[in-house]
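In: quick one, what's the 3D model for this:
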Amino acid sequence: MNFRDFISGLISSPAAIPSAFQVKPESPEKQKQFSIPFKEYEHYFLVEINEMFLSEKVRWFREYIPIVYTTTAFQYGKDKVETPFIVGPSLLDTQIKDLAKDMVLYDTAVAGWHPYAGDKVTVTILLCKAVADDYIKRMFKAVEKIAGVFGPAMVSTLGSAISMSRTIVEGVNELVDSNNINGLALFRKEFDPKRGEGFYPGYYLLLDEMIDEAEKKNFFVRQDRLFYGEDPGTAEPYRQGNYVLFSIQQDNKRTDYKSFPFYEFYERALEMANKKPLTDEKVLEIQDQLAALSVAMFKSPDLIEAHANVLMDEFYSKVKAAKERIYKLSGGVLSTAEENGYWHEMSKKIRTL
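Out: Predicted structure coming up:
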């Protein structure tokens, strides 16, 4: 049995289990943010586990290991990709918070930031328990370590990690075949703009017990944490069962671009612009670096065009300021004609590439 069969079995099982549903934020500002649909190549998306609660009743880490397995499938450049991520023993050992023997994990990104390409996005979140024997622990730690390359803290340019996804899926398939892993709760949803529902940011709750529709209205999110109560004024953090609270976040910019390969072109251009003497030959080298930077940025499947434009303007401005400063420190005066000529020639060079 492979992982897809495992998922299909959980979906079709008459005994299952879980409740998985969208939860509204308490904040009116957050509600407004979540009412804005993702627009093709105008937004980035991020999938994040905001809170995971594990009840002591399950005897975690003594009899069972908690595992959260996630996959996010989406269009990436010209390819359709599926990025897996595992929250398992390694991550839980370092990040989980012990609250009177119950355990809570906070704020762990499992996919993104990635440009939204306007096509279908499928998100799968599976909460499992695995028998706590040494073999299972070692296997999960090994697969979890490989899956870490898809985490935002490890890689920003997704292309360099895609080849690893098959290894991760094969590792999970082997663990599923061992019959020592049980699914507790499953969320799987296709956000398909062609169906008319669109793709929106939001909070979602994966709960390992079945609750009715009326009770779902008592759940809400306050500052990325799950609360329960008929009256928000007296509501308390929910601690009645195992759950995963996760969100799909939206933004029109990302802050991790300094780890992108193209950033080296900017750093070299800025370094050259900050050194004396600033000869004509060096100015031409700066132009070449900025031209290469521009081409690399606009070819990158990890950037949306509007954000690339903003970044390029910022890079131009900083290199220009450095160039002017060096001219002044050298006792020269950069005339308006020289300044305009420099940027005109650079822009013309970029346009001809």
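In: Asp102 and Arg239 touch, don't they?
Out: Yes: between Asp102 and Arg239 there is a contact under C-beta atoms under 8 Å: 6.7 Å. To be clear about C-beta, it is placed using only N, CA and C from the backbone, and glycine gets the same treatment.
In: go ahead and flag the most central residue of the protein.
Out: Gly112 (2.0 Å; C-alpha atoms, centre = their mean).
In: how far away is it from Glu236?
Out: In this view, Gly112 and Glu236 are 31 Å apart by C-beta to C-beta, to the nearest Å.
In: residue contacts, the residue lying closest to Lys275 once chain neighbours are set aside?
Out: Closest residue to Lys275 apart from its sequence neighbours, by C-beta to C-beta, 6 or more residues apart in numbering: Ile326 at 7.3 Å. If you count contacts by C-beta atoms under 8 Å, 6 or more residues apart in numbering, Ile326 has them with 273-276, 278.
In: how about 10 Å then?
Out: 272-278, 282, 332, 334 (C-beta atoms under 10 Å, 6 or more residues apart in numbering).
In: what's the answer for Asp192, then?
Out: 119-122, 198-199.
In: for it, grab phi and psi.
Out: Per-residue torsions, Asp192: phi -120, psi 110 (degrees, to the nearest 10).
In: thinking again about what came up before, from the contacts of Asp192, which land in strands?
Out: Those of those mapping onto strands are 121-122, per DSSP state E.
In: sec struct for the residue nearest to Lys275, please.
Out: Classification of Ile326 using DSSP: H, G, I helix; E, B strand; the rest coil returns helix.
In: any idea how far it is from Lys217?
Out: Ile326 is 64 Å from Lys217, by C-beta to C-beta.
In: wait, Ile36 touches His43, no?
Out: Yes: using C-beta atoms under 10 Å, Ile36 is in contact with His43, at 8.4 Å.
In: overlap in contacts of these two?
Out: Overlap between the contact sets of Ile36 and His43, as judged by C-beta under 10 Å, 6+ apart, is given by 201, 250.
In: hey, where'd the helices end up in the stretch 201-350 of the chain?
Out: For the stretch 201-350 of the chain, applying DSSP state H, counting those that start in this stretch gives helices covering 213-216, 263-273, 280-299, 305-329, 336-352.
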